[in-house]
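> requesting a structural model of the entry that follows:
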Amino acid sequence: MADRGTFELRIVAHNAGTMPTDTQRHGLAFQVNRKGSLSLSMAFGNGLRERRWSALAPGDTVREARGGPTDPVFGEELFPSPGDYELGMLQGGRVLATLKVKVVAGR
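Below you'll find the model as predicted:
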């Protein structure tokens, strides 16, 4: 529980193809424990984003993060109590990635 403020969540896209590609970053949806998460969707949906998300060059990688030392409230709000959490990132209803997080009461 005490370390929730250090939690950082990153999304990454890599273009392994031979042509520039639109990552469709604007179409991402997020879940916590298989339920839509307005908090995560707003965290990654608001604010400026690099243009590379829309035209990622062949061989290029783009990353974006939320939380960590610059935003300690992120992890505290995402994980309000001890327990098991599963974060999901979806695009067009298809699960792209999941992350399991266990929050324990003590150190």
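
> so Ser41, which state does it fall into?
Three-state call for Ser41 (DSSP: H, G, I helix; E, B strand; the rest coil): helix.

> now do it against Ala16, distance only.
According to C-beta to C-beta, to the nearest Å, Ser41 stands 27 Å off from Ala16. Every C-beta, even on glycine, is put in place using the N, C-alpha and C of the backbone.

> and those two? Which one has more around it.
Ser41 (14 against 8; other C-beta atoms under 10 Å).

> wait, isn't the more buried one in contact with Phe30?
Yes - with contact defined as C-beta atoms under 8 Å, Ser41 and Phe30 form a contacting pair (5.0 Å).

> now do the contacts for His14.
Leu56, Asp60, Thr61 (C-beta atoms under 8 Å, 6 or more residues apart in numbering).

> quick one: the second one from Glu50, how far?
Counting by C-beta to C-beta, the gap between Asp60 and Glu50 amounts to 11 Å.

> now do the strands in the chain.
8-14, 28-32, 35-36, 61-67, 83-91, 94-103 (DSSP state E).

> just the C-alphas of the second one, formatted as CSV.
As requested, the backbone C-alpha atoms of strand 28-32 are provided in CSV (Å, rounded to 0.1, in the frame of the first residue of the first chain):
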residue,chain,number,x,y,z
LEU,A,28,-7.5,2.7,-26.9
ALA,A,29,-9.8,1.7,-24.0
PHE,A,30,-8.7,0.6,-20.5
GLN,A,31,-10.1,-1.8,-17.9
VAL,A,32,-9.5,-2.5,-14.3
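
> paired strands for that strand, with orientation please.
strand 35-36 (antiparallel), strand 83-91 (antiparallel) (DSSP bridges).

> what do you get for the longest one?
Strands adjacent to strand 94-103 in the sheet, as given by DSSP bridges, are strand 83-91 (antiparallel).

> now do the strand it pairs with: distance to the chain's middle.
Distance, stretch centre to chain centre, for strand 83-91: 9 Å (C-alpha atoms, centre = their mean, to the nearest Å).

> hmm, back to that, give me whichever of the strands of the chain is most buried.
Among the strands of the chain, strand 28-32 has the highest mean neighbour count (mean count of other C-beta atoms under 10 Å), at a mean of 18.
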